[in-house]
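>>> any chance you can model this:
(chains A and B)
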Amino acid sequence: MKPRFLRFWMAQVALLPAWLIVIFAYIGTIIWTIQISFTSSKVFPVSNYVGFSQYTRLFGSERWIISVQNLAIFGLIFIVGCLILGFLLAVFLDQRIRAESVFRTIFLYPYALSFIVTGLVWQWTLNPTLGVQQTVRNWGWESFTFDWLSRGDRAIYVIALAGMWQASGLVMAILLAGLRGVDGELWKAAKVDGIPTWRVYVHIVIPILTPMFVTATVLLATAVVKVYDLVVALTNGGPGISTEVPAKFVIEYLFQRQNLGLATAASTVMMITVLCVLAPWLYVQYFRKPRSAH
Amino acid sequence: MASLTANGHIEPSGPRPKRIGPGRYGVYAFLIISALFFLIPLYVMIVTSLKPMDEIRLGNLFALPGSPSFDAWVKAWSQACTGLNCNGIHVGMLNSIKILVPSVLLSIAVGSVTGYALSFWRPKGANILFAVLLLGAFIPYQVFLYPLVRILSMVSLYNSIPGVVFVHTIFGLPLMTLLFRNFYAGIPIDLFKAARVDGGGFWAIFIRLMLPLSTPIIVVAAILQITGIWNDFLFGLIFAGRENFPMTVQLNNVVNSSFGEKEYNVNMAATILTALVPLFVYFVSGRWFVRGIASGAVKG
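Sure, this is the predicted structure:
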């Protein structure tokens, strides 16, 4: 057996790429970004420090406020919608039905697609001139109207719908695995006691599935903060700026509008929000349990 | 399904007793309606891509094509305009493959070694490394982008395929490490200790013992990375450069920035073409895909 220091030495060498990535690509870039956010940088980073004035400008910007509101609307509908639909799909799939794997395959396939593909398909399906609206009118329902994609106050809901279409299958898959882990004795006991099925689900099964719900929520929430390509493909932020989202705000101010200070302030706000939400969950999930718990 | 218990009774097993009645119809009705919701966009994509524009202008989204033709597919593949040139979506597909293959290999290589070192060797600082990696998985990419652009320009990798590959490896590392770390955490530590006693070093144990055991998790990692990297839009857009735009970026350019009349059939054909690779992976991999989702998420 090699001496102890050598063993650690080799492991450290193996971890070197990961360390370099963490130190330079993660921590270093974050510090750099935060530093720029306190300067008056426009096209190029300058070291003219202006305190929090980029942040003040950010929250005075209508575009940013709309982006944040959209993120909240999208996030709420998307997460709650995916959880409900995914849970229902999982429960109904768990009823010993025929062709279960066919249904499961159908419910999950959108999750394999790119958000760009999802966005473009829904853009085409729901476009007011030739999409669903016109089709239903051609069927004879002349007054049928579904023009949410071209309405500034509704388009964000279409984005949430497209997101749900893509990600509900993920929740279904996670919860179905959880349901399969529920003890079969539970159902026998409930039947003996004459408890209605729905009550068993509400009072016993859902509490058992809590960790899976939490995991699914974290995954969905991560997707919410990152949502960018779906919006680009579906509405490109329009009509007007009615479906802008923070991620898109940052990219545009970084690479098109050449306002580094404002863009980095916005991305710093995004990061801090995520960290505040995540820190407790990560701690509980990964560091409270000893290795033997795996 | 039934199982014989110790005292000879035949008892049902499984989630719950089977019932026959109106409830069953409700179950199937819900599932079929849901299936329609999930399938309709796919159906619309396919029928639209097979119709000529005259038929599309009639506004019957769900109608089957009168005389199906693959003209739109041919055009999408070799003539569709992506802003500057009109060489079709196949350029993007080649770029995507050039980005995909090295990114998948590299991120799995780095992730597996890191997961192995973190799981069995745990040298000093391993916990800190893992914690930062995990946080990195959740932090919005927007925070990293601008400095990364600058760093990559300094080493002349900005706007190049190696640059995108590098970025995919960086941001694939948390998930890959997590996958392999969790997988190795399930391997009995005694096996590792025995190999140590037999004189195995860091690399010998990894290559001769752990890698052969790792086939399932490598498959899962490959599925996740292939679909994830193929579907990426942001990194391709920012780091690849105009010449190397991956398929998703080219697709969005074809559909959303074309001048003149929109050719919906060509757009939908291009969309299907872009979706083919992940769909193929999904249908072939089946349960492995689900396992990938679950193992990346559920276990800690």
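>>> where does chain B dip in pLDDT?
B:1-20, B:258-260, B:294-300 (pLDDT under 70).
>>> residue nearest the centroid of it?
The C-alpha lying nearest the average C-alpha coordinate of chain B belongs to B:Thr227 (Cα atoms, centre = their mean; 2.0 Å).
>>> need the longest helix for chain B.
Ranked by residue count and defined by DSSP state H, the top helix of chain B is helix B:22-50.
>>> so which bits of it are buried?
Using 16 or more other Cβ atoms under 10 Å in any protein chain shown as the test for burial, helix B:22-50 gives B:27-28, B:31, B:34-35, B:37-38, B:40-42, B:44-45, B:47-50. (C-beta placed from N, C-alpha, C; glycine too.)
>>> ok, the host helix or strand of A:Trp64 near chain B or not?
Take DSSP states H and E as the rule and A:Trp64 turns out to sit in helix A:62-93. Yes. Helix A:62-93 lies within reach of chain B by Cβ under 8 Å from any Cβ of the partner chain, at A:Leu85, A:Leu88, A:Leu89, A:Phe92, A:Leu93.
>>> would a markdown table of these with pLDDT and neighbour count be doable?
Listed next are the residues of helix A:62-93 next to chain B as a markdown table, based on pLDDT from 0 to 100; neighbours: other Cβ atoms under 10 Å in any protein chain shown:
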| residue | pLDDT | neighbour count |
| --- | --- | --- |
| A:Leu85 | 96 | 20 |
| A:Leu88 | 95 | 17 |
| A:Leu89 | 95 | 27 |
| A:Phe92 | 93 | 19 |
| A:Leu93 | 93 | 22 |
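>>> any idea which of these is closest to B:Lys262?
A:Leu85 (31.2 Å; Cβ to Cβ).
>>> ok, now which ones touch that closest one?
A:Met164, A:Ser168, A:Val171, A:Met172, B:Ser34 (Cβ atoms under 8 Å, 6 or more residues apart in numbering or on different chains).
>>> look up phi and psi at the second one.
In this entry, A:Ser168 is assigned phi and psi values of phi -60, psi -30 (degrees, to the nearest 10).
>>> for it, give its distance to B:Ser34.
Noted for A:Ser168: a distance of 9 Å to B:Ser34, by Cβ to Cβ, to the nearest Å.
>>> which neighbours do those two share?
Counting by Cβ under 8 Å, 6+ apart, the residues touching both A:Ser168 and B:Ser34 are A:Leu85, A:Leu89, A:Phe107.
>>> would you format the residues you listed as TSV with distance to B:Phe245 included?
Output for the shared contacts of A:Ser168 and B:Ser34, formatted as TSV (distance: Cβ to Cβ, whole Å):
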residue	distance to B:Phe245
A:Leu85	34
A:Leu89	36
A:Phe107	32
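>>> nearest to A:Ser67, of the residues you listed?
A:Leu85 (25.8 Å).
>>> measure that closest one to A:Glu252 for me?
Taking Cβ to Cβ, one finds A:Leu85 at 32 Å from A:Glu252.
>>> same check on A:Glu62?
14 Å.
>>> and these two? Which one has more around it.
Shown here are A:Glu62 and A:Glu252; by other Cβ atoms under 10 Å in any protein chain shown, A:Glu252 has more neighbours (17 against 9).
>>> in chain A, which helix or strand is least confident?
Across the helices and strands of chain A, mean confidence by mean pLDDT, DSSP states H and E is lowest for helix A:4-20: a mean of 81.
>>> what is it packed up against?
Packing partners of helix A:4-20 (3 or more Cβ pairs under 8 Å, 6 or more residues apart in numbering or on different chains; DSSP states H and E): helix B:90-116, helix B:126-138, helix B:202-204.
>>> does the last one reach chain A?
This points to helix B:202-204. Yes. Using Cβ under 8 Å from any Cβ, helix B:202-204 reaches chain A at B:Phe202, B:Trp203.
>>> hmm, who's touching that helix?
A:Arg7, A:Met10, A:Ala11, A:Ala14, B:Ala117, B:Trp121, B:Ala195.
>>> reformat these as a markdown table; add distance to A:Leu20 and neighbour count.
Output for the contacts of helix B:202-204, formatted as a markdown table (distance: Cβ to Cβ, whole Å; neighbours: other Cβ atoms under 10 Å in any protein chain shown):
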| residue | distance to A:Leu20 | neighbour count |
| --- | --- | --- |
| A:Arg7 | 21 | 16 |
| A:Met10 | 17 | 17 |
| A:Ala11 | 15 | 21 |
| A:Ala14 | 12 | 20 |
| B:Ala117 | 14 | 27 |
| B:Trp121 | 18 | 19 |
| B:Ala195 | 28 | 18 |
